[in-house]
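Enquirer: Need a 3D model of the sequence below.
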Amino acid sequence: MVDPGGLNHRSALLGSPDLPLPRCTRLAGHSLHANVRLLTPGERGAISSTARRLTARRGTVKLVLFQAKGNQTVLPGLFTDRGVVGITDAVPAGVTPQTTMTGIIEGFDRLRPSLERLAREGKAIPASDVQLRPPLPRPGKILACIANYWEHGALEARPLNMFLKSSDAVIGPGDTIVLPEFTEPWIFMHEAELALVIKGPAKGVKRDNWRTAVFGYTGMIDVSARGEGRRTWKAGSWLGKSFDTFAPIGPCIATIDEIPNPNDVHVQFWVDGQLRHNYNTDDMEHLVPELVEFASTIMTLNSGDLIACGTNHEGLGPLQDGEVVDFEIHGIGRMRLHVRDPLKRTWEKGIYMGADSTHPEAVQRNRPPSVR
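Expert: Residues are numbered from 1 along each chain as shown. You can find the predicted model right below:
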């Protein structure tokens with residue numbers, strides 16, 4: 001179970017080492033985008049080896065924003081295996097919780113020794129006595145990848161593309177996803193994703209230098225309004241991904257050296273205990289270095305911005321009133337949220353298996369008899 005703050009602390013936030021980590025290996029084709037190419041096997045391996053060297057030199061730092069029991073003030077902290085350690089006296093105070101976290105990101109090299117010491121020795125509040133808040137309550141911008149996972153036996157990568165999601169949609173652990181009182185979107189679906197936390201300013205970053213622009217990682221649920229089937233509502237603008245509460249983020253920010261390779265991370269998502277998303281980030285069509293290069297070619301990335309890396313659509317399914325969802329990324333943590341729908345709409349429960357589903361069972365079921 002998770003605690004009232006929406007966090008299954010200790011093993012969940014620190015990752016579950018006994019989780020099976022299924023790996024996906026596909027034959028990758030060539031990118032269709034003129035300025036983006038897929039990484040070679042050697043480049044993929046370099047991501048892992050560089051990260052392992054960094055991890056060996058560092059202590060554990062997982063950043064959170066939290067409220068202590070009986071106190072509405074949102075404070076910065078560190079999540080440790082002893083609980084949450086407040087760091088208010090060790091970091092510059094911002095005008096808002098977002099600017100406080102941005103200041104930590106920008107001053108982290110200087111702050112790190114004292115934060116590592118506090119993580120080891122600071123007074124800890126039991127995790128059950130805190131309410132975690134989104135670690136980035138109002139990012140300057142949220143860029144989210146469109147698709148970006150190999151599905152349905154694809155042999156050639158689709159062009160890399162992204163959209164902007166409203167920062168006002170952000171909520172955090174223990175909060176409630178509220179479906180809008182709109183009747184035009186046909187259904188509302190979950191997309192569990194790894195998200196990159198940016199350290200900027202970053203412009204024109206080459207893929208070999210992607211680490212200079214990434215501070216760490218968090219999780220994001222890209223809640224999406226859709227028309228019939230999987231078509232995102234509204235077509236073109238994709239405004240249906242920016243309803244209030246449609247960007248749950250958390251439970252923490254794991255610094256870049258906490259995760260040896262962002263393209264070898266396991267992502268899981270449950271609805272009322274039913275496992276839906278269950279995939280590894282090694283199955284991205286365009287890997288993390290490419291995402292940073294692509295986004296920073298188009299716009300300046302600033303500290304506290306997010307890039308959500310996309311999801312594997314084979315696990316898509318609807319969200320509806322009264323459901324409880326759990327989201328875990330190995331090495332980052334687990335959080336629980338609730339779903340409320342004022343209109344009490346209902347859809348068939350479970351993984352979406354419609355004609356345009358990429359779930360293997362649905363693909364087989366929906367094939368014409370002549371090709372089964």
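
Enquirer: how about low-confidence regions in this structure?
Expert: Applying pLDDT under 70 to the chain flags the ranges 1-59, 152-155, 229-230, 353-358, 360, 362-372.

Enquirer: where do the helices sit along it?
Expert: 41-56, 97-106, 108-121, 288-298, 360-366 (DSSP state H).

Enquirer: Setting aside sequence neighbours, what's the nearest residue to residue 103?
Expert: residue 92 (4.6 Å; C-beta to C-beta, 6 or more residues apart in numbering). C-beta: built from backbone N, CA, C; applies to glycine.

Enquirer: I'd guessed that neighbour sits against residue 102; true?
Expert: No. Contact status for residue 92 versus residue 102: not in contact, 9.9 Å apart, counting by C-beta atoms under 8 Å.

Enquirer: More neighbours: which of these two?
Expert: Counting neighbours by other C-beta atoms under 10 Å for residue 92 and for residue 102 shows that residue 102 has the greater number, 23 against 13.

Enquirer: For that one, give me its contacts.
Expert: 94, 303-304 (C-beta atoms under 8 Å, 6 or more residues apart in numbering).

Enquirer: just how off-centre is stretch 279-289 within its chain?
Expert: Put simply, stretch 279-289 sits 13 Å off its chain's centre (C-alpha atoms, centre = their mean, to the nearest Å).

Enquirer: ok so, going back, of the contacts of residue 102, buried ones?
Expert: Neighbour counting by 16 or more other C-beta atoms under 10 Å classes 303-304 among those as buried.

Enquirer: which one among the contacts of residue 102 gets closest to residue 195?
Expert: residue 304 (11.7 Å; C-beta to C-beta).

Enquirer: Would you agree that closest one is in contact with residue 201?
Expert: No. In this structure, residue 304 is not within contact of residue 201 by C-beta under 8 Å, at 11.3 Å.

Enquirer: any shared contact partners between those two?
Expert: With C-beta under 8 Å, 6+ apart, residue 304 and residue 201 have no common neighbours.

Enquirer: Make sure residue 115 is actually in contact with residue 90.
Expert: Yes. At 6.5 Å, residue 115 counts as touching residue 90 under the criterion of C-beta under 8 Å.

Enquirer: okay, the two: which has more neighbours?
Expert: Neighbours per residue, other C-beta under 10 Å: of residue 115 and residue 90, the larger number sits with residue 115, 22 against 16.

Enquirer: what's the closest residue to that one other than its chain neighbours in contact with, if anything?
Expert: For residue 115, ignoring the flanking residues on the chain, the nearest one in space by C-beta to C-beta, 6+ apart is residue 61 at 5.6 Å. Residues near residue 61 by C-beta under 8 Å, 6+ apart: 78, 112, 115-116, 119, 255, 258.

Enquirer: Tabulate these in JSON lines, adding columns for distance to residue 220.
Expert: Listed next are the contacts of residue 61 as JSON lines, based on distance: C-beta to C-beta, whole Å:
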{"residue": "78", "distance to residue 220": "21"}
{"residue": "112", "distance to residue 220": "25"}
{"residue": "115", "distance to residue 220": "24"}
{"residue": "116", "distance to residue 220": "27"}
{"residue": "119", "distance to residue 220": "24"}
{"residue": "255", "distance to residue 220": "17"}
{"residue": "258", "distance to residue 220": "17"}
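
Enquirer: Just the buried residues of those residues.
Expert: 78, 115, 119, 255, 258.

Enquirer: Skipping its backbone neighbours, what lies nearest the spatially most central residue of the chain in space?
Expert: With distances taken as C-alpha atoms, centre = their mean, residue 219 lies nearest the centre of the chain, 2.5 Å away. Closest residue to residue 219 apart from its sequence neighbours, by C-beta to C-beta, 6+ apart: residue 329 at 4.7 Å.

Enquirer: now the end-to-end length of stretch 264-282.
Expert: End-to-end distance for stretch 264-282, by C-alpha to C-alpha, to the nearest Å: 5 Å.

Enquirer: For the residue nearest to residue 103, which residues are in contact?
Expert: Residue 92 neighbours (C-beta under 8 Å, 6+ apart): 100, 103-104, 107.

Enquirer: Dump the residues you listed to JSON lines, plus neighbour count and distance to residue 135.
Expert: Below are the contacts of residue 92 laid out as JSON lines (neighbours: other C-beta atoms under 10 Å; distance: C-beta to C-beta, whole Å):
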{"residue": "100", "neighbour count": "21", "distance to residue 135": "11"}
{"residue": "103", "neighbour count": "19", "distance to residue 135": "13"}
{"residue": "104", "neighbour count": "24", "distance to residue 135": "10"}
{"residue": "107", "neighbour count": "13", "distance to residue 135": "16"}
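
Enquirer: and the residues you listed, which two are the farthest apart?
Expert: Going by C-beta to C-beta, the pair spanning those furthest: 100 and 107, at 10.9 Å.

Enquirer: Name the residues contacting each of these two.
Expert: With C-beta under 8 Å, 6+ apart as the test, residue 100 and residue 107 both reach 91-92.

Enquirer: Quick check: residue 240 touching residue 231?
Expert: No. In this structure, residue 240 is not within contact of residue 231 by C-beta under 8 Å, at 9.8 Å.

Enquirer: Tell me which of the two has more neighbours.
Expert: Taking neighbours as other C-beta under 10 Å, residue 240 and residue 231 compare with residue 240 leading, 22 against 12.

Enquirer: Sort out which one of the contacts of residue 61 lies nearest residue 125 for me.
Expert: The closest of the contacts of residue 61, once distances to residue 125 are taken by C-beta to C-beta, is residue 78, at 10.8 Å.

Enquirer: now that closest one: how far from residue 178?
Expert: 31 Å (C-beta to C-beta, to the nearest Å).

Enquirer: re the thing from before, next, give phi and psi for the residue nearest to residue 115.
Expert: Backbone geometry at residue 61, expressed as degrees, to the nearest 10, gives phi -140, psi 120.

Enquirer: Lovely, talk soon.
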